[in-house]
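> need a structure here:
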Amino acid sequence: MRKILIYISLALVILSCGKDDPAPSSPETPQLVFPENNSECIEGAINGTNLSTIGFTWETTARADRYTLTVKNLEDGSSSTYATTNTTYDVSLMRGMPYSWQVTAINDALTDQPTNSATWKFYNAGTGTSSYPPFPAELLYPQSGANIYYETGSSIDLQWDASDVDGDITTYTILFGTNSNPQNVAGINITLKRLTVSDLVKNQTYYWRVITNDANGNRSYSEVSQFRTR
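Numbers count the residues shown, from 1 in each chain. Model (predicted):
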């Protein structure tokens with residue numbers, strides 16, 4: 001009987017040792033905290049006339065060993081990235097400018113499977129600013145670089161999204177054409193976030209951007225997006 005118990009114990013040990021360790025999992029989605037989305041950021045330490053230091057903050061993310069913070073200037077399109085193991089990071093930014101920010105969570109055992117947060121937008125408060133231009137519109141469809149299978153006589157719906165700290169967006173102007181810096185006005189005084197374009201040519205690359213206008217006469221220009229008909 002004793003020998004039988006010894007054999008059973010040895011078998012259990014062998015089975016236990018033969019089990020694979022659980023596979024690592026990607027981090028959960030980072031949850032952003034500050035600066036808040038679609039807001040005017042009035043906090044931060046002023047650094048001279050044109051700069052202030054903003055403390056970006058997000059929640060601790062399960063299974064994340066480190067983070068990458070990406071901050072993009074929505075006016076000139078430039079972006080900077082910062083690596084940290086903390087859930088807050090101070091960045092010095094130009095005042096009176098629109099920015100977006102995003103956090104990427106990384107598990108060191110799965111560096112090829114990072115997890116991105118949502119992207120939030122904010123204005124870094126400027127001196128004596130009473131109203132802000134809208135954030136540059138986000139061009140949703142077609143995605144930039146997409147191939148669109150287009151039948152002669154059909155149409156394509158350009159779609160975008162836009163937001164504004166002051167909440168006073170009034171209309172959109174859409175520039176569209178075959179020039180990489182589109183100047184032709186395809187739609188003006190548009191109140192919806194979409195515009196139908198037709199009479200396109202196959203095997204042609206088209207470029208478009210959106211001008212967002214508000215009630216105070218402010219305007220912002222989106223980036224240029226492109227697609228090709230097939």
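> am I right that Ser180 is in a strand?
No: using DSSP: H, G, I helix; E, B strand; the rest coil, the secondary structure at Ser180 is coil, not a strand.
> how near is it to Asp164?
Counting by CB to CB, to the nearest Å, the gap from Ser180 to Asp164 is 28 Å. (Each C-beta comes from the backbone N, C-alpha and C, glycine too.)
> these two: who's more crowded?
Ranked by neighbour count (other CB atoms under 10 Å), Ser180 and Asp164 place Asp164 first, with 21 against 9.
> okay, now the unreliable bits of this structure?
Within the chain, the ranges that satisfy pLDDT under 70 run 1-22, 128-129.
> now the residue positioned nearest the centre of it. Nearest residue, chain neighbours left out?
The residue lying closest to the centre of the chain (CA atoms, centre = their mean) is Thr119, at 3.8 Å. Spatially, and ignoring its direct neighbours in sequence, Thr119 is nearest to Gln102 (4.7 Å; CB to CB, 6 or more residues apart in numbering).
> helix, strand or coil for that neighbour?
Recorded secondary structure, Gln102: strand (three-state DSSP).
> for Leu200, what are its contacts?
Tyr150, Ile156, Tyr206, Thr229 (CB atoms under 8 Å, 6 or more residues apart in numbering).
> list the contacts for the residue nearest to Thr119?
Leu69, Thr70, Asn116, Ser117, Ala118, Thr119, Trp120.
> so how far is Phe56 from it?
Using CB to CB, we find Gln102 at a distance of 10 Å from Phe56.
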